[in-house]
Structures are given as structure tokens and as C-alpha cells.
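In: build me a model:
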Amino acid sequence: MGIIDRIILLIYTLLLIILSVGVILMSLCLIPWEVVSATLQSIYGQWEAALAAGVFLLVSIRLLLASFRSNVSHSNEAIVHHTDMGDVQITLDAVKNLVEKTARHTRGVRDVKVYIRHFEEGLKVQLRIVTSPENNVPAVSLEIQQRVHEYIKNTVGIELSDIHILVENISNDFKAKQRVK
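Out: Numbers count the residues shown, from 1 in each chain. Prediction:
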């Protein structure tokens with residue numbers, strides 16, 4: 001469920017709490033019938049009330065559909081190797097961790113985020129990196145692509161169909177070295 005759905009759910013829940021409290025107060029006779037009757041009579045024939053009820057209905061349907069929509073994680077997806085002794089499954093999260101480890105150990109890379117998608121033609125890897133300014137960005141990108149391709153091929157035994165690199169930032173932050181006293 002996305003952030004917008006969560007905000008809608010929060011507002012929706014607060015409105016339901018107010019409505020529930022009102023029904024409880026009415027059923028315990030804590031709100032006089034005249035107030036309830038006057039409120040219902042003021043709603044009768046008002047298009048604004050119909051509009052609010054329609055919006056409430058649409059929000060209900062959206063939240064119902066969002067609850068059935070699955071946020072499929074890559075942890076369930078796996079690459080299957082068939083061998084004579086049986087099947088070996090490697091999850092996409094495992095491949096993601098290997099790619100991240102390889103990219104982080106490349107000189108000039110300050111930070112990396114890895115996204116992996118499984119398509120019919122193979123795995124597509126997207127890396128979002130932050131590099132240091134003293135390195136050549138195209139050279140660092142090419143080195144990452146080569147290292148990731150070779151490492152995944154040798155470790156997992158699969159060919160990556162695409163390795164896309166997006167340089168999000170070139171960081172000027174230098175980590176201060178701590179001195180031992």
C-alpha cells in the first residue's frame with residue numbers, strides 16, 4: 001500500500017471513528033432524538049451530502065482493492081537451476097545482495113542502491129550510485145558493469161541481460177579519519 005493509500009486510510013479511519021462514536025452516543029440515548037432528527041432532515045435533499053457519500057463509497061472501494069493488491073517482493077521470485085540431483089533456487093534478493101556487495105567494493109563508489117527485475121530475456125539490474133569527485137564517472141560505471149557481470153556469472157551462473165547505472169550524485173563529502181591518540 002502506497003503513501004497516498006495510507007493517508008486516505010488515515011482520514012477514512014478517523015471519519016469512521018467519529019461516525020461510530022455518534023452511533024454509540026445515539027444508541028445510549030446520550031444525544032437527544034431531536035438533534036438526530038434535525039440532522040437527518042437537514043441532509044435530506046442536499047446534493048452535497050450525496051457527493052460526500054459518493055466520495056466515501058469510492059474511497060471504500062479503493063481501499064478494498066488496495067488491500068487485495070499484492071506488493072510482490074522479489075524475495076519470492078527465484079532463479080531456478082535444474083541439475084541431475086534436483087533444482088537449485090536463488091532468490092532475487094540474494095542476487096541483489098551480491099550485486100550491491102560488488103558495486104560497493106568498487107573504487108570511487110560512495111553509495112549504491114540496487115533494483116533487480118526478472119524478465120523473459122533475463123535479469124535486468126539497475127544501480128543508482130553516488131561517486132566521489134576524484135574519479136572518472138564513465139570509467140567507474142564501466143568498471144561496475146564489468147565487475148557485476150563477471151561476479152554474477154561466476155557466482156550464480158547466470159547472464160545479466162542489462163546493467164543500467166544511474167549516477168544520482170557526485171559526493172564531495174569526505175569522511176574524516178579518526179586519529180588514534
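
In: can you get me a residue count around Ile163?
Out: Neighbourhood size, Ile163 [other Cβ atoms under 10 Å]: 20. Where you see a C-beta, it was placed from the backbone N, CA and C, and this is true even at glycine.

In: tell me the secondary structure for it?
Out: Taken by DSSP: H, G, I helix; E, B strand; the rest coil, the conformation at Ile163 corresponds to strand.

In: what segments of this protein are helices?
Out: In the chain, the helices defined using DSSP state H lie at 3-27, 33-43, 47-68, 92-104, 137-155.

In: need the winner for burial among those.
Out: Stretch with highest mean neighbour count among the helices of the chain: helix 92-104 (a mean of 18; mean count of other Cβ atoms under 10 Å).

In: returning to what we had before: out of the helices of the chain, nearest to Ile165?
Out: helix 137-155 (4.7 Å; Cβ to Cβ).

In: output the lowest-mean-pLDDT helix or strand in the chain as PDB, restricted to C-alpha atoms.
Out: One helix or strand of the chain scores below all others by mean pLDDT, DSSP states H and E: strand 78-83, with a mean of 78. Taking Å, rounded to 0.1, in the frame of the first residue of the first chain, the C-alpha atoms of strand 78-83 are listed here in PDB:
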ATOM      1  CA  ALA A  78      13.800 -17.000  -7.700                       C
ATOM      2  CA  ILE A  79      16.100 -18.200 -10.500                       C
ATOM      3  CA  VAL A  80      15.900 -22.000 -10.900                       C
ATOM      4  CA  HIS A  81      18.800 -24.100 -12.000                       C
ATOM      5  CA  HIS A  82      17.900 -27.600 -12.900                       C
ATOM      6  CA  THR A  83      20.500 -30.200 -12.200                       C
END
